[in-house]
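A.B. asks: no sequence for this one, just the structure:
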């Protein structure tokens, strides 16, 4: 599932025709508090899975040197209230994308600085989201609507975002492909049965797989399981044997 997070209806409407199976839109309302509690509510609902993605799309302000209408993939987020910094992982995307550093405030920033982007939600989405999602599972795309003055009407904001549908569509496709890939790896066929895991052991294994996802080592687990199958030692003959292989997976991921 890709959870499209937008503060305003006009932002979501700009990409409404890009919605696909496996996508759900959440309107948070404007401001960091609304954004934080909306994402927290999503996580607390239990509807999210380890291979889900967050896509935060919206308009933003910018320094005078950054053109209005320009699109930016956010690689750094600074919360202007707390000073905390967050770093979305953009390794899934090409090196030639336009990256940007965004500052999140609890109000519109009217005194802008060169090279800076400004919004009211990004840091809150990341702060709440990181309780479940890894940095490579949260993507922030912001489109410059103004320079701190003359805030455009909702219709204009929709149009500003709509101009970048091709780029946004490509980003959605990349997120969906990564989600499918991770779902396949996290759902290793009959892993519980192959390792003779008890319910408690299976829960521990799922936690390990989530850790592997966050640390980028899911492929290591997949390769190890494939190696054991090639040797003919899986499925394990009993719980004791399965526990040995489960321990090796844990050691491999925590060494």
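C.D. replies: Thanks, I have the structure now. This structure is a prediction, so every number in the text was calculated from the model and none was measured.
A.B. asks: Tell me where the protein has strands.
C.D. replies: 2-6, 23-27, 53-62, 71-79, 85-86, 99-104, 117-119, 138-146 (DSSP state E).
A.B. asks: what's the third one packed up against?
C.D. replies: With contacts defined as 3 or more Cβ pairs under 8 Å, 6 or more residues apart in numbering; DSSP states H and E, the packing partners of strand 53-62 are strand 2-6, helix 9-13, strand 117-119, helix 122-129, strand 138-146, helix 154-162, helix 165-186. C-beta here means a position set from N, CA and C on the backbone, and glycine is covered the same way.
A.B. asks: That strand pairs with which strands, and in what direction?
C.D. replies: Sheet pairing of strand 53-62 (DSSP bridges) gives strand 2-6 (parallel), strand 117-119 (antiparallel), strand 138-146 (parallel).
A.B. asks: can you list the helices and strands packed on strand 53-62 in JSON lines and add mean neighbour count?
C.D. replies: Shown next, in JSON lines, are the helices and strands packed on strand 53-62 (neighbours: other Cβ atoms under 10 Å):
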{"stretch": "strand 2-6", "mean neighbour count": "24"}
{"stretch": "helix 9-13", "mean neighbour count": "19"}
{"stretch": "strand 117-119", "mean neighbour count": "27"}
{"stretch": "helix 122-129", "mean neighbour count": "26"}
{"stretch": "strand 138-146", "mean neighbour count": "24"}
{"stretch": "helix 154-162", "mean neighbour count": "17"}
{"stretch": "helix 165-186", "mean neighbour count": "16"}
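A.B. asks: Out of the ones you listed, flag the one nearest residue 47.
C.D. replies: Set against residue 47 and scored by Cβ to Cβ, the helices and strands packed on strand 53-62 come closest in strand 2-6, at 9.0 Å.
A.B. asks: relative to helix 122-129, how tilted is that closest one?
C.D. replies: Relative orientation of strand 2-6 versus helix 122-129 (axes from the mean of the first three to the mean of the last three Cα atoms, to 10 degrees): 140 degrees.
A.B. asks: next one: strand 2-6 to chain centre, how far?
C.D. replies: Taking Cα atoms, centre = their mean, to the nearest Å, one finds the center of strand 2-6 at 9 Å from the center of the full chain.
A.B. asks: So for it, mean pLDDT?
C.D. replies: Averaging pLDDT along strand 2-6 gives 99.
A.B. asks: is it true that residue 167 touches residue 71?
C.D. replies: Yes. Residue 167 lies in contact with residue 71 (Cβ atoms under 8 Å); the separation is 6.0 Å.
A.B. asks: residues near the closest residue to residue 134 other than its chain neighbours, how many?
C.D. replies: Nearest non-adjacent residue to residue 134, counting by Cβ to Cβ, 6 or more residues apart in numbering: residue 214, 3.9 Å away. By other Cβ atoms under 10 Å, 17 other residues sit near residue 214.
A.B. asks: How about the one 3 residues further on?
C.D. replies: Neighbours of residue 217 under the rule other Cβ under 10 Å: 15.
A.B. asks: And it, how far from residue 249?
C.D. replies: 10 Å (Cβ to Cβ, to the nearest Å).
A.B. asks: Kindly report the same for residue 219.
C.D. replies: Taken as Cβ to Cβ, the span from residue 219 to residue 249 is 13 Å.
A.B. asks: Comparing these two, which residue is more hemmed in?
C.D. replies: Of the pair residue 219 and residue 249, residue 249 is the one with more neighbours under other Cβ under 10 Å, namely 20 against 11.
A.B. asks: This completes my enquiry, with thanks.
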